[in-house]
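Asks: I need the structure of the sequence given here:
(one chain, ligands or ions: 1)
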Amino acid sequence: MSSQTTSLLPASAVIDRRQFLAAALVTGAVSALAGPLEAAPAPDAALDALVARMTVAEKAGQLHMEAALSYRQAEPAVAQFNPFVPPVTPQQARAQFAEQLARIRAGGVGWIMTPMDVESMILGQKAAVQQSRLKIPVLFAADIIHSDRTVFPVPLAEAASFDPDLARRTARACAVEASARGLDAAFAPMVDVGRDQRWGRVVEGAGEDVLLARLFAAARVAGFQGKLGAADSLLACVKHFAAYGAGESGLDYQGNALSERVLHEVYLPPFQAAFDAGALLVMAAFNTVDGVPATGNRHLLTEILRDQMGFGGAVISDFRSEEELIAHGQAEDGADAVRLALNAGCDVGMVSGLFPLHIPALVAQGAISLATLDRAVGRVLRVKQAAGLFADPFRRLDPARSRRPAPPAHRELAREAAIKSIVLLRNEGGLLPLRAGPRIALVGPFGPDADNCHGPWSTFTPDAPPVSLEQGLRAALPDPALLTVAPGCAIDAALPGGIEAARATAQNADVVILALGESQRMSGESSSRVDIVIPPAQQALAEAMAATGKPLVVVLRHGRALALKGAVREAPALLAGWFLGTETGHALAAVLLGKVSPSGRLPVTFPQATGQEPYYYARESSGRPASGAPDELFKSHFIGLSDAPLYPFGHGLTYGDVRYGPVQAARAGEGVVVSASVTNAGSRAVEEVAQCYLHDVASEVVQPVQKLVAFEKLALAPGETRTARFAITPAMLAHLDQACHVVAGSGAFDFWIAPAARTGTPARIDVGRPT
Ligand code: BGC
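Replies: As a prediction, this is how the structure comes out:
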């Protein structure tokens, strides 16, 4: 039995705001994940002395991140990895690279992003530590989100495992692979809470829930960093600070008007979890928060981030976000943008070049104080020290190591992670797993497709191409001739004769596996969707397949929750298959053919219609809650639609038959113990995720209708009963008032132990009043 259970806080009901933000991390399981990392590197007199020796231009250089150049940039194998550099001839590549080396030698560059060839990186590092005046190493960083040589499932998929330690292990594997290519830092994890499924970047985080986001944030930081400073450690750069996921109407780069309270209750806790796990870098977000762009937001980057949350590391901008202060209308020009960003607490400018261009004059004019500049430079140097770069700037720059393929264990881990990410949404009549011997028609564009297995942010060349669903099924079936394949349509368009061919294929089969969904281009940055449905050409194919009368198993590929309609929604069996990476086909085949029982749970609510977005289970209580009927007047629902989700957060079936007993709740010290029996009445062993939700029945600030406070993965043999028991701490019962003061929970609370949100019957108990 693996466990993410919670334990009681020390017997004190007095909780400060920092503790509140970090409430989940008092659990034994998670502090063990976080490891013995320091919250911030200790001050170091030698680094202060180094800062004292630097010219203002050299200081500005340390605050500047450039896109990597390579003398091999003209080679397609290198060029494809560096989207920031326009196509060049070999002569131009050499000339530009020489210019970058000259800037490094002059002390004008502190950071290099998205490098791809270790030979150029070595030359760059030599220019820094052997040929520059102060010999300060450069730091290499890139977007290692879920892949390097091995592509693991996208982060949202991994969150469906409800297994933070799995995410720690895949982040560790990514770090081992990427550090071997010379990288010192990853622009990851993204810990933005994603509550609007129209937003394309939901795919990069852990979904809609605060607890899940906290646990996965801490786990991923621990995984990337391993032992800080080691040759296989990657510094984690947590992003995007803050509330990037709360953009109005799910539109990327759009701002939000969040209250300070919601910011603290929902959007900041995953960052606090990441900092407590040892993250030393954070990326400022593109968006505004309550009218002020995050990158030029002193309240956010200094008062909240440093003074309240205790962050001691360095803040970097997000790809020119300091320059974007001009487009936002906060800054008048480039110099003004640098003044605003640096004074707000943004230490490093990514790519724009504005920091080195304007800092010297701004300091001379007194618009930026030397103390502010020195503080930023000191933070950067301490981060470089924590990465081990002063001790050995070449520790990750080893050409032989960079060419070694990933260890075989990473491929096994990719399969394990993919299997654990799959969610069985529906299984009418026990259609799945497919019994031995049926003739299978694999229909839909994602059957043979191998171009959309990885999902967004798989920027680097993997060791092996991904395994398509078709390949996975062929490898797993006793007789591959049982499988016939017909794409039926393209992802976004009909194919001439496609539906007819698919119909003929289906008619000669016993069961149709319909592989539908989104291309990887439909998820990720700049990929908000106005309607989160299956594209029309695929929907038409699904209707045609349903009309054949053959049993339909729908396998979805997607980077967000979808609003499923018609034949897709009604298909008797439905799997959420996300973007699963290298091992896509093998993992899906293992679940479809019953080698394993599915164990994933939805980290995002599936709505009935896009218009319900943002639609998440932890909504605040309405004064006119809907009863469930689609046609009642003067209640909180859309015309003609019940307020129910299609599938709630936390939902996921197994191949067993899991039943929950009634919930028991009892006071225990200053907290509560909640328990329920969980029985597997089926004939297959399963892993069941028992989830504990609470609701504060009455408080001066309206509380969410439900809040996940703990969960436990129970391994249940056929016929086995176990007790899910959760210790509810005062911190879990607390909330914030409008002034963001922590208020201890009191009076009546409802507690659920259930297989999903919005499911089951709660037990009510009075938790008393704090003394
Ligand atoms: C994204 C970041 C990413 C950066 C560097 C930006 O556009 O918002 O998440 O780390 O680019 O690639």
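
Asks: What separation do you get for N680 and the ligand?
Replies: 41 Å (Cβ to the nearest ligand atom, to the nearest Å). Glycine gets a C-beta too; all of them are placed from N, C-alpha and C.

Asks: So what does the residue most central in space within the chain look like in phi/psi?
Replies: Per Cα atoms, centre = their mean, the C-alpha nearest to the average position across the chain is that of G205, at 1.8 Å. The phi and psi values for G205, taken as degrees, to the nearest 10, are phi -120, psi -160.

Asks: so it makes contact with P155?
Replies: Yes: using Cβ atoms under 8 Å, G205 makes contact with P155 at a distance of 6.0 Å.

Asks: Next, show the common contact partners of the two.
Replies: 189-190, 216 (Cβ atoms under 8 Å, 6 or more residues apart in numbering).

Asks: Now, of those, which are buried?
Replies: Buried subset of those (neighbour count, 16 or more other Cβ atoms under 10 Å): 189-190, 216.

Asks: Which of these sits closest to the ligand?
Replies: Nearest to the ligand among these, counting by Cβ to the nearest ligand atom, is M190 at 6.6 Å.

Asks: distance of the spatially closest residue to the closest one that is not a sequence neighbour from the ligand?
Replies: Closest residue in space to M190, ignoring its immediate chain neighbours: E204 at 4.1 Å, by Cβ to Cβ, 6 or more residues apart in numbering. The gap separating E204 from the ligand is 8 Å, by Cβ to the nearest ligand atom.

Asks: what about the closest residue to L263 other than its chain neighbours, neighbour count?
Replies: The shortest distance from L263 to any non-neighbouring residue, by Cβ to Cβ, 6+ apart, is to A243 (6.0 Å). Applying other Cβ atoms under 10 Å, we find 24 residues neighbouring A243.

Asks: Just to be careful, could you list which of the shared contacts of G205 and P155 are in helices?
Replies: F216 (DSSP state H).

Asks: what would the shared contacts of G205 and P155 look like in JSON lines with pLDDT?
Replies: What follows is these, written out as JSON lines (pLDDT from 0 to 100):
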{"residue": "P189", "pLDDT": "98"}
{"residue": "M190", "pLDDT": "98"}
{"residue": "F216", "pLDDT": "98"}
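
Asks: ok, back up a step: wait, doesn't the residue nearest to L263 sit right on L258?
Replies: Yes: counting by Cβ under 8 Å, A243 does reach L258; the two are 5.6 Å apart.

Asks: Overlap in contacts, these two.
Replies: 267, 289.

Asks: The residue nearest to R214 when sequence neighbours are not counted sits in which helix or strand?
Replies: Distances taken as Cβ to Cβ, 6+ apart place A273 nearest to R214, at 4.0 Å, with adjacent residues excluded. Element membership of A273 [criterion: DSSP states H and E] is helix 269-276.

Asks: now for that helix, which elements pack on it?
Replies: Counting contacts by 3 or more Cβ pairs under 8 Å, 6 or more residues apart in numbering; DSSP states H and E, helix 269-276 is packed against helix 17-21, helix 210-225, strand 235-241, strand 281-284.

Asks: what mean pLDDT would you report for that helix?
Replies: Helix 269-276 shows a mean pLDDT of 98 in the predicted model.

Asks: Same check on stretch 652-662?
Replies: 98.

Asks: Endpoints of it, how far apart?
Replies: 20 Å (Cα to Cα, to the nearest Å).

Asks: how far does it sit from the chain's center?
Replies: On the basis of Cα atoms, centre = their mean, to the nearest Å, stretch 652-662 sits 28 Å off its chain's mean C-alpha point.

Asks: contacts for that stretch?
Replies: For stretch 652-662, the external contacting residues (Cβ under 8 Å, 6+ apart) are 160, 423-427, 432-433, 594, 597-602, 676-690, 716, 718, 753-756, 760-761, 763.

Asks: Let's have the shared contacts of G205 and P155 in a markdown table, adding distance to L469.
Replies: A markdown table is the format used below for those (distance: Cβ to Cβ, whole Å):
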| residue | distance to L469 |
| --- | --- |
| P189 | 28 |
| M190 | 27 |
| F216 | 26 |
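
Asks: out of the contacts of stretch 652-662, which are inside strands?
Replies: Residues from those lying in strands, with DSSP state E as the criterion: 423-427, 676-680, 686-690, 716, 753-754, 763.

Asks: Kindly tell me how buried A273 is, as a neighbour count.
Replies: 30.

Asks: Before I go, just wanted to say thanks for your time.
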